[in-house]
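K.L.:
what shape does this take:
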Amino acid sequence: MSPSFLISLILAASAIAAPQISPANVPAPGKRTCDVSKMTMALPAGQTVLSVPTLPPSSVLLGVGVQNYTCSTAGTFSATGAVAELYDISCLCKTSMFNNIQDMAYAIWQTAPASAKVPNLSSLKVPVMGQHFFVTSPSGTGISPVWDFRAGAAKGNSDAFVLAAKVANLPAPTGPKDVDWLELKSVQGALAAQVYRTDTRGGPAPTSCTPGATISVKYTSKYWFFGGTVKV
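P.N.:
Okay, the predicted model is just below:
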């Protein structure tokens, strides 16, 4: 099955299955997102690695980007961070499109031109909120993930980011073709106190490589923020 046919099939199915967005799924006046405080994040049944969030959800996002790797002298890839665009999907929470938005975005991303830094997701009607990237850790050793709205939906708010540290990782329930699900805690910023990466598609590196080689692997996922105090 060709990727272009797969995209058409997914979009057609969503158009048929997904209900029209009701007034409850429209941002309140002056807001860019919908209320997600009563949403529940689904974790795989029976797993005990990722803890249940202790705070209410504050944002739910679609991440679309690449996982970056460098080949070590041992001939295996080591992770060197990620770069992604972050799209708000809070207003899709009461539609069937919410459950497979990461699949739809991944299919589009897979067929994007090699020169494209991000895919064209205009057909999904999801607004860009900010960016995900890595920076040098506050300790000065290693790198830390950041989710940042300061140049996007919360421009001018110096607290509209979260720099986090990993708490736990769980192999994706869909198998090794997809990167792990993650639980992280905030180190700096007010965008979230807890961050979870779920529903991953793509992203893992090949199992072997030539030392010194670098690679960027496309991926999509959902990102859940809990306990954030930044309003957008």
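
K.L.:
what are the neighbouring residues in contact with the residue most central in space within the chain?
P.N.:
The residue lying closest to the centre of the chain (CA atoms, centre = their mean) is G63, at 2.9 Å. Going by CB atoms under 8 Å, 6 or more residues apart in numbering, G63 touches A84, E85, L86, Y87, H132, R197, Y219, T220, S221, K222, Y223. For glycine as for every other residue, the C-beta is placed from the backbone atoms N, C-alpha and C.

K.L.:
low-confidence ranges in the protein?
P.N.:
Across the chain, the ranges flagged by pLDDT under 70 are 1-30.

K.L.:
following element in sequence after the host helix or strand of the residue nearest to the centre of the chain, please.
P.N.:
Element membership for G63 (DSSP states H and E) is strand 57-71. Moving toward the C-terminus from strand 57-71, the next helix or strand (DSSP H and E) is strand 77-88.

K.L.:
that next one to strand 57-71, inter-axis angle?
P.N.:
150 degrees (axes from the mean of the first three to the mean of the last three CA atoms, to 10 degrees).

K.L.:
how far out from the middle of the chain is strand 77-88?
P.N.:
Relative to its chain's centre, strand 77-88 lies at 8 Å (CA atoms, centre = their mean, to the nearest Å).

K.L.:
now for it, which elements pack on it?
P.N.:
On a contact count with 3 or more CB pairs under 8 Å, 6 or more residues apart in numbering; DSSP states H and E, strand 77-88 meets strand 57-71, strand 128-136, strand 143-148, strand 214-226.

K.L.:
neighbouring strands for the last one, and are they parallel or not?
P.N.:
Read it as strand 214-226. If you go by DSSP bridges, strand 214-226 pairs up with strand 57-71 (antiparallel), strand 194-202 (antiparallel).

K.L.:
got the CA coordinates for the first one in PDB?
P.N.:
Meaning strand 57-71. Provided in PDB are the C-alpha atoms of strand 57-71 (Å, rounded to 0.1, in the frame of the first residue of the first chain):
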ATOM      1  CA  PRO A  57      -4.000  17.900  32.700                       C
ATOM      2  CA  SER A  58      -3.200  21.400  31.400                       C
ATOM      3  CA  SER A  59      -2.400  20.800  27.700                       C
ATOM      4  CA  VAL A  60      -2.400  18.000  25.200                       C
ATOM      5  CA  LEU A  61      -0.300  18.300  22.100                       C
ATOM      6  CA  LEU A  62       0.800  16.600  18.900                       C
ATOM      7  CA  GLY A  63       4.500  16.500  18.400                       C
ATOM      8  CA  VAL A  64       5.800  16.100  14.800                       C
ATOM      9  CA  GLY A  65       9.500  16.100  14.200                       C
ATOM     10  CA  VAL A  66      12.700  14.000  14.300                       C
ATOM     11  CA  GLN A  67      14.700  12.000  16.800                       C
ATOM     12  CA  ASN A  68      18.500  12.700  16.300                       C
ATOM     13  CA  TYR A  69      21.300  10.100  16.700                       C
ATOM     14  CA  THR A  70      25.100   9.900  16.300                       C
ATOM     15  CA  CYS A  71      26.900   6.700  15.700                       C
END
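
K.L.:
could you give the angle of it to strand 143-148?
P.N.:
For strand 57-71 against strand 143-148, the angle by the same axes, to 10 degrees is 140 degrees.

K.L.:
enumerate every residue touching Q102.
P.N.:
L62, D199, T200, R201, T220, S221, K222.

K.L.:
element containing it?
P.N.:
Using DSSP H and E, Q102 falls within helix 97-110.

K.L.:
number of nearby residues for T214?
P.N.:
11 (other CB atoms under 10 Å).

K.L.:
beta partners for it?
P.N.:
In this entry, T214 is beta-bridged to T70, by DSSP bridges.
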